[in-house]
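Visitor: next comes the sequence, and after it the predicted model I'd like to discuss.
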Amino acid sequence: MYPPSFPVISTASPRIINITVSSNGDHTFKARCTAEGEPAPALTWTSPHSSNLTSVTNANHRVTKELQYLTHDGKYTCTAVNSHGRAEGSVYFYKFKASNSSFFLILIFVPLGIKVLVLLVILGLTLFPRGPSTAPSILARPQPQDSTYENFDRRCDGSHSLPTEQPAARCS
């Protein structure tokens, strides 16, 4: 390097160091371009909408120009020019816009509804299986039971006796 006693005269073509887009905090956006060169370059912004306000900061061989209130989607280009050349840098700005139509809600809730319906069907088939059940049903009709005493008061000859009569003799 040169000793500090000798002045250095340097020249450099412009170079874009940084281009950023950020929020102002109040839901508006700004773009900032920083360039360097010797002599300090002049910065200009080219945008889809040309009435944006700008501010310039100059420090040594660096220049920063801010484009305030970005409102339109599109390509924003920063151009740095000095007596030794020209440099450009671009940034694309797009705001996310929420859909006001019900199509977006339908797109989300129809598949969700189908999944819930399938889950309920699977749950129903698991908890209430079809086919014979081993557990007695509350609504089932009671069936008459077969009695072992069904033919107790029959006689061997096929006649019936009343309950007050003597029991019939056993048939052999």
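Guide: Cool, the structure landed.
Visitor: which helix or strand in this structure has the lowest average pLDDT?
Guide: strand 54-59 (a mean of 78; mean pLDDT, DSSP states H and E).
Visitor: paired strands for that strand, with orientation please.
Guide: Here strand 54-59 is paired, per DSSP bridges, with strand 62-70 (antiparallel).
Visitor: who touches the longest strand anywhere in the chain?
Guide: The residue-count maximum for a strand in the chain (DSSP state E) belongs to strand 12-23. Residues outside strand 12-23 that contact it (Cβ atoms under 8 Å, 6 or more residues apart in numbering) are 29-38, 41, 61-62, 70, 76, 78, 80-82, 84-91, 93. For the C-beta atoms, the positions are set from N, CA and C on the backbone; glycine is no exception.
Visitor: and stretch 41-50, what's buried?
Guide: 41, 43, 45, 47 (16 or more other Cβ atoms under 10 Å).
Visitor: Ser90 against Pro48, yeah?
Guide: No. Ser90 lies out of contact with Pro48 (Cβ atoms under 8 Å); the separation is 11.8 Å.
Visitor: what's the overlap in contacts for the two?
Guide: 75-76.
Visitor: what bits of the protein have low per-residue confidence?
Guide: Counting by pLDDT under 70, the low-confidence segments of the chain come to 1-10, 50-52, 97-101, 131-172.
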